[in-house]
Structure formats: C-alpha cells, structure tokens
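Q: Please work out how this folds:
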Amino acid sequence: MGAAALPRVAAAQLPTIQPLASRRVVRPELLRRALAALQRHGSQIPHRDRIAIADFSQPSAQPRFYLVDMANGMATTLLVAHGSGSDPAHTGYLQRFSNEQGSNASSEGAFLASDYYVGKHGKSQRLIGLDPTNSNALPRALVVHAAWYANPDMLRTHGQLGRSQGCFAVSEGDLQQVFARLGEGRMIYSAKA
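A: Predicted coordinates for the structure are as follows:
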C-alpha cells in the first residue's frame, strides 16, 4: 500500500492547514516528514484518515500535540508531556530522544496506535514503534495516557508541564478526545527538528 493509498495532499496546500483549537499550525517541514513516514509505513497503518504529530521542538507549555484530519487539513492542538529522561534538568524543553530501556525518555519516529487497556494511569493506549529510533516502544510500555501533570493548571502554577517516563501524557480532560480522534490503527509521529 504505497503512495496510492495515501490521501492526496499537494505540497502547496501544506502551509494553508488551519487549526480548530489554536492559531498555531503544524510546521510544514514537520508535516512533510510525518506524511513521508505515513507513506513509508503505509502497509502497517490501516487507517490513514487522521494522524497525530508531536512537535517536540516546542516547549511543554505550548500545545504541541496535533490531531490532523487528513481529509480537510484541519488540526486540533493539545498539550502533551515529554519524558523525564529527555529533559533531565526539567527546563520544559525536550533535549534528547532515546529508544533505550530505562531511559525514561521520549522516542522519535512513527508509532502505530494499538489497543487500549486499563493500567496505573487508567485507560491507556499501547503504541508500536515502527522505526529503529522507537522500536522498543512496546517493551518500554510507551503509551498514550492521561496524567495530572499534563493538565493546563500546571502551566499556571509551574509554567510548564510535568514529565512522563517517555509516554505521550495528555491532560485528563483531553484523553477521550485523543482516543476518539486517534483510535486504533492510526499513526503518531514524534519529532523535534
């Protein structure tokens, strides 16, 4: 399932993507990289109508988790935490990615959103790493889950979100929206540059 299975998104259309929840848009270069990953992993991603993009070049105080509707180009932005191993000094900025066990760092690359389960953070969604940079996502238990430290009130009191153990931790109030829009069988793309 190569390029023919992908939605048609012309390069000229990329800068015109308008967000639903924010004036911010996905950086065109990051969107191009995410679309290239979607094409590269096409046969492993059953649903390509929506994708999520985590732009870790932005600080945790900014909405940087984009839920992109591929049919109309609309994006909703949400807060998302990065791993403590990616930001050891707790600056609010991701400093590095890692795929290593025990690193507590976020990983970069394309992930397949898999099944749901209930764990220590409540309802969560397993992720399967599709690239060499995130191939340990499943054994590392990198998932999408809600966390109190990703709630907007953290910004009022601390100026940044708390940190996860490498998971995509979203606000408790946003989790159902993420699950409803992402669902199983879709891609999350995580990058910094």
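
Q: Closest to the centroid, which residue in this protein?
A: A54 (3.6 Å; C-alpha atoms, centre = their mean).

Q: now the residue lying closest to that residue once chain neighbours are set aside, which residues is it bridged with?
A: Nearest residue to A54 in three dimensions, chain neighbours excluded: S190, at 4.4 Å (C-beta to C-beta, 6 or more residues apart in numbering). In this view, the C-beta of every residue, glycine as well, is placed from N, C-alpha and C. Under DSSP bridges, the beta-bridge partners of S190 are A54, G109.

Q: What does the pLDDT read for S190?
A: If you check S190, the pLDDT there is 98.

Q: Ok, V25 next?
A: Confidence for V25, expressed as pLDDT, is 83.

Q: ditto for F111
A: We have a pLDDT of 98 for F111.

Q: quick one: it and F56, what's the gap?
A: Using C-beta to C-beta, to the nearest Å, F111 is found at 13 Å from F56.

Q: Determine the residues that are contacts of both of the two.
A: The overlap between the contact sets of F111 and F56 (C-beta atoms under 8 Å, 6 or more residues apart in numbering) consists of S190.

Q: who has more neighbours, those two?
A: F111 (31 against 25; other C-beta atoms under 10 Å).

Q: Extract the C-alpha set from the strand or helix carrying that one and format it as PDB.
A: Assigned by DSSP states H and E, F111 belongs to strand 109-119. Output of strand 109-119 as PDB, limited to C-alpha atoms (Å, rounded to 0.1, in the frame of the first residue of the first chain):
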ATOM      1  CA  GLY A 109       9.600   8.400  14.800                       C
ATOM      2  CA  ALA A 110       6.400   6.800  13.700                       C
ATOM      3  CA  PHE A 111       4.200   4.900  16.100                       C
ATOM      4  CA  LEU A 112       1.200   2.700  15.400                       C
ATOM      5  CA  ALA A 113      -1.700   3.400  17.900                       C
ATOM      6  CA  SER A 114      -2.600  -0.100  19.000                       C
ATOM      7  CA  ASP A 115      -5.100  -1.500  21.600                       C
ATOM      8  CA  TYR A 116      -6.500   0.000  24.800                       C
ATOM      9  CA  TYR A 117      -6.000  -1.300  28.300                       C
ATOM     10  CA  VAL A 118      -6.500  -0.100  31.900                       C
ATOM     11  CA  GLY A 119      -3.300   0.400  33.800                       C
END
